[in-house]
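Undergrad: the following comprises the amino acid sequence and a computationally predicted model.
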Amino acid sequence: MYSKHRLEALSDAIFAIVMTLLVLELKVPTDVVHGHLWEALRADGEDWVAFFITFFISARYWMLQHNVFKLTEGFTHHAAILTFIFLGFVTILPFSSTLLGRHFSEPLALILYLGNQGAIGLALIAKLEFIRMRDRIPKSMELTNLRLRLYTLTIIMVACAISIHFFPIRYLLIVPAVAAVISGFFERRNRRVKAKQLA
C-alpha cells in the first residue's frame, strides 16, 4: 500500500511546475517601435489563447484528480502506476500547448494537443475505475458525479480531436473550455443540492 498523501503531494507539485512552465513560452516583445506595442502583443495572440485554454483545463484535471484522492481509501501498486501514467501525460502539456500556439492553424498541432488532453483524461479514468473495481472507493453520489464530469470532459477532448477534419479549427478550441465551465457548473449545483439535503 502506498501513501495517498505522498502521491497527492507529488501530483500537486507536478501540476504546479507544469502550469508555471506554460507561461514561460509567452515572450515579452522586444525592439518594439514606440506606439506599436499592441501590434507586437497581438502577433503572439495564439500563444496566449493556447496558454489560457491549457491552464484552465489543467485546473479542471487537477480538481478531478484531487476528488479521486479524496474518495480513495488507499493506493495499491497498480493504482500508483496509473497515477504516474496520468502525471506523465500532464508533463507533456507545456510542449503540446506551445506546439498549438506556434502552429495554431495546423490540424496536426491541434490533434496532438487534444490527444494529449484526452490521454490525461483517459489515464485518470483508468485510475478511477481500477480503484473503484478494487472496492477502494465506496459507492456514493459523489463518485457518480465525479465519473460523470471526468467522462464528459474526456469524451469532449477525444471527440474534438476526431472532429478536426469536419469543423473549423478555431471553433473546436472553444469546446474544451466550455466543457470545463459546464462541468464546474454541475459540480457547484451538486454541492448546493448536497448542502440542502444535509440541512
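TA: That came in fine, so what should we check first?
Undergrad: just the helices in this protein please.
TA: 4-24, 37-43, 45-71, 77-91, 93-102, 107-133, 141-162, 169-172, 174-198 (DSSP state H).
Undergrad: average pLDDT across the last one?
TA: By that I understand helix 174-198. Helix 174-198 shows a mean pLDDT of 67.
Undergrad: and for stretch 42-54?
TA: 80.
Undergrad: what residues of it count as buried?
TA: Asp44, Glu46, Asp47, Val49, Ala50, Phe51, Ile53, Thr54 (16 or more other Cβ atoms under 10 Å). For the C-beta atoms, the positions are set from N, CA and C on the backbone; glycine is no exception.
Undergrad: and the pLDDT for the spatially closest residue to the third one that is not a sequence neighbour?
TA: Which is Asp47. Nearest non-adjacent residue to Asp47, counting by Cβ to Cβ, 6 or more residues apart in numbering: Gly101, 3.7 Å away. pLDDT recorded at Gly101 is 85.
Undergrad: hang on, Gly101 packs against Phe51?
TA: Yes: counting by Cβ atoms under 8 Å, Gly101 sits close enough to Phe51 to count as a contact (7.0 Å).
Undergrad: what sits in contact with each of those two?
TA: Common neighbours of Gly101 and Phe51, using Cβ atoms under 8 Å, 6 or more residues apart in numbering, are Glu25.
Undergrad: now do the same for the residue nearest to Asp12 when sequence neighbours are not counted: its pLDDT.
TA: Excluding its sequence neighbours, the residue lying closest to Asp12 (Cβ to Cβ, 6+ apart) is Trp62, at 7.8 Å. At Trp62, the predicted lDDT confidence score is 92.
Undergrad: how near is the residue of the chain most remote from its centre to Leu24?
TA: Distance from the C-alpha centroid of the chain, by Cα atoms, centre = their mean, peaks at His34 (38.7 Å). His34 is 27 Å from Leu24, where distance means Cβ to Cβ, to the nearest Å.
Undergrad: same check on Thr54?
TA: Taking Cβ to Cβ, one finds Thr54 at 13 Å from Leu24.
Undergrad: go on, Val18?
TA: In terms of Cβ to Cβ, Val18 sits 11 Å off from Leu24.
Undergrad: mind checking which of those two has more residues around it?
TA: Val18 (20 against 9; other Cβ atoms under 10 Å).
Undergrad: would you agree that one is in contact with Ala59?
TA: No: the criterion here is Cβ under 8 Å, and Val18 misses it with Ala59 at 11.2 Å.
Undergrad: does Thr98 touch Glu46 like I think?
TA: No: taking Cβ under 8 Å as the definition, Thr98 is not a contact partner of Glu46, at 10.7 Å.
Undergrad: between those two, which contacts overlap?
TA: Joint contacts of Thr98 and Glu46 (Cβ under 8 Å, 6+ apart) do not exist.
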